[in-house]
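Undergrad: next input, structure requested:
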Amino acid sequence: MRRRSADTGRDAISRPAQPHVRGAGFRAALRRSLKLALAVSLAAGLTGCWSKQELNDRTFVSTLLIDLNEQGETEVSTLFILPNRISIGLNAAPGSQKPYVLMTGKGRDIAEAFQRIQRDLPRNISWGQMRAIIIGDRYARAGLAPIFDYLIRATDFRLRVYMFYYDGVARELARLTPIFERFPTEVWRESAHSRRLPPVSIRDLLYAQWNNLGDAYIPELTLRELRLLTEDKLVEWSGAGGAAIMRDNKVIGKFTEEEAMGISFMEGRTAEMALTSALPEGGGLFSVRLVDLRPRTTAYRRGSKVVVRVSIFGKADIVSIQSNTDLGKLAGMRTIEQALNARIARIGQSAADKAEAVQADVFQWSEFMRYKYPSLWRQVRAGPRVQLFTQMETIVDAHVELRSTGVGRSSKQSQPKGGLRQ
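TA: Here you go, the predicted model:
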């Protein structure tokens, strides 16, 4: 469309309104809206917790201990943190009163026992700070299905909470005298966190419950009296023991402390640790520091059996030796390396044999048969439990490399005849 220019009299092409003018206005309005929304959101964040519970109305559980009394009642004990007894500041001296308290409730099930505890408390129980659950022997042997059912339904419990077994009444562990820590819970939690015993969480046991045969292992805590020279009395000391064997959600036996070490080797849950072994034919003793153990589990079919092979790889450093073995020669190094690998394999194999003897699939090795050989698994699953273990064979071997010997001589190596030279 043409129009005549008033100045020149020539035709000019009419042009529509510039679109960038309207776009700039739109962007300015959008920026104002975003600024307003940001200001409103920041103002909302400054308001109080209108829909949450006040901190002063809560009491925090650090450890849950579950027992079964002689009358068949469930006894639930809880260790509560007491903030009013905690000294404030780095230079504050600890008070004479314990900064925690144990309370026990009884009921026909866990929920009723919890309610008995809550009824007597001035604050509402909070589970967000719980670090450990300890199961007493009588409750564990009666069956852990009720606690598993409660944990899977209650959303207040975190799945990474550690679980332990105690061969006795679990609440007796509250008599522990904390020396290195202020709370007993930290003693037990650090035992699992630092992997001085094979750590097991709620998640691990729930997996064994719903995805396996209900078989698993639970690390064991111990309690004993100990006399320390720096203390003026006997103290109750809690340490790491073996591990409980769980079959069909019931504890039926225990691994020894050495077998529990084998569990750590096979499950890859070993921190740096020292291991002492003997050389063959009375060749003396040696100790090594194991570093970075990594197991590899494979399975293959051999006839009607499924062979599960656990190979343990890692490195080791010699920290002590009492032997005439010449460490400066390759043959001497190989002798110690072979003795070390035989010792590690023997410890792991003993744990595997114990589980097979009691027909408990505590390592969930049946999953290899389930997913790799489903037809064989259906036959085994339909038959008696013993059929699983007659058609499964376990082999444990070790391939740990000796990387450092320290000095080349041993203190036990023979001196020159006639004594020291002058």
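Undergrad: checking Ile66 next. Helix, strand or coil?
TA: With DSSP: H, G, I helix; E, B strand; the rest coil as the basis, Ile66 sits in strand.
Undergrad: from what I see, Arg203 and Leu159 are in contact.
TA: Yes - assessed by Cβ atoms under 8 Å, Arg203 is found in contact with Leu159 at 4.1 Å. C-beta here means a position set from N, CA and C on the backbone, and glycine is covered the same way.
Undergrad: any common contacting residues for these two?
TA: Common contact partners of Arg203 and Leu159 (Cβ atoms under 8 Å, 6 or more residues apart in numbering): none.
Undergrad: and whatever helix or strand Thr297 lives in, which strands flank it?
TA: Per DSSP states H and E: Thr297 is located in strand 284-302. Partner strands for strand 284-302, per DSSP bridges, with pairing direction: strand 273-278 (antiparallel), strand 305-323 (antiparallel).
Undergrad: a markdown table for these, including mean pLDDT and distance to Arg195?
TA: A markdown table is the format used below for the strands paired with strand 284-302 (pLDDT from 0 to 100; distance: least, Cβ to Cβ, whole Å):
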| stretch | mean pLDDT | distance to Arg195 |
| --- | --- | --- |
| strand 273-278 | 90 | 9 |
| strand 305-323 | 92 | 14 |
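Undergrad: can you tell me which of those is most buried?
TA: Each of the strands paired with strand 284-302 was scored by mean neighbour count; the highest is strand 305-323, a mean of 18, by mean count of other Cβ atoms under 10 Å.
Undergrad: list phi and psi for Trp127.
TA: phi -100, psi 0 (degrees, to the nearest 10).
Undergrad: what is Glu225 paired to in the beta sheet?
TA: Glu236.
Undergrad: I'd say it and Glu231 touch.
TA: No - look at Glu225 against Glu231 with Cβ under 8 Å: they stay out of range, at 11.4 Å.
Undergrad: in a helix, Ala342, correct?
TA: Yes - applying three-state DSSP, one finds Ala342 inside a helix.
Undergrad: got a list of what it touches?
TA: Counting by Cβ under 8 Å, 6+ apart, the residues that Ala342 touches are Ala398.
Undergrad: now it: how far from Leu34?
TA: According to Cβ to Cβ, to the nearest Å, Ala342 stands 70 Å off from Leu34.
Undergrad: centre of the chain to the strand holding Thr297, how far?
TA: 20 Å (Cα atoms, centre = their mean, to the nearest Å).
Undergrad: try stretch 135-152
TA: For stretch 135-152, the distance to the chain centre is 18 Å (Cα atoms, centre = their mean).
Undergrad: what's the neighbour count on the residue nearest to Met246 when sequence neighbours are not counted?
TA: Among residues not flanking Met246 along the chain, Ala216 sits closest, at 4.7 Å (Cβ to Cβ, 6 or more residues apart in numbering). By other Cβ atoms under 10 Å, 27 other residues sit near Ala216.
Undergrad: kindly report the same for Arg302.
TA: A total of 8 residues lie near Arg302 under the criterion other Cβ under 10 Å.
Undergrad: three-state assignment of Ala37?
TA: Applying three-state DSSP: Ala37 is helix.
Undergrad: which parts of the stretch 51-200 of the chain are strands?
TA: For the stretch 51-200 of the chain, the strands defined by DSSP state E, counting those that start in this stretch occupy 58-68, 74-81, 100-107, 124-126, 132-136, 162-166.
Undergrad: so what touches the fifth one?
TA: Where contact means Cβ under 8 Å, 6+ apart, the residues beyond strand 132-136 that reach it are 62-68, 144, 147, 161-166, 168-171, 173, 185, 188-189, 192, 202, 218, 221, 251.
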